[in-house]
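1. Sequence isn't available, so here's the structure alone:
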């Protein structure tokens, strides 16, 4: 018999009772948590990098910025490379059901999260008993 204990704090978090299907449910829960964390990491790099790189430009006297342009361009280049890398990392999440890329194929990724797997149609944040 399947038993699921639902515990809501902030957004939905799942605590699964150990039953026959509990292991499979826990695997899905870990996968959806990883998907959410990848998105959060991308947003952190994107917005945090903007604050770190562009924040001092707004605070420093405009006359002094001209002396620090190479440092500013280097910081912006590193920030954009990190944002691109974490964007690829977030987009290459694999579906817990079929194992293919959730947001598309390996050569054609969608950058924004989709509601269903591109291959098997598994709804995002669903569990085996719900589909």
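-> The structure has been received and is ready for your questions. A quick note: this is a predicted structure, and the numbers were derived from the prediction, not measured.

2. can you pull the buried residues of the helix or strand residue 29 falls within?
-> Element membership for residue 29 (DSSP states H and E) is helix 22-59. Under the neighbour-count criterion of 16 or more other CB atoms under 10 Å, helix 22-59 has 24-25, 28-29, 31-32, 35, 38-39, 42, 45, 49, 53 buried. All C-beta spots, glycine's among them, are computed from the backbone N, C-alpha and C.

3. which residues of the chain score low on pLDDT?
-> Along the chain, the model assigns pLDDT under 70 to residues 1-21, 64, 105-113, 129-131.

4. thinking again about what came up before, hmm, which two among the buried residues of helix 22-59 are most spread apart?
-> Between any two of the buried residues of helix 22-59, the greatest separation by CB to CB is 43.4 Å, found for 24 and 53.

5. ok, so what distance separates the closest residue to residue 117 other than its chain neighbours from residue 57?
-> The shortest distance from residue 117 to any residue other than its chain neighbours is 4.4 Å, reached at residue 95 (CB to CB, 6 or more residues apart in numbering). Residue 95 sits 41 Å away from residue 57, going by CB to CB, to the nearest Å.
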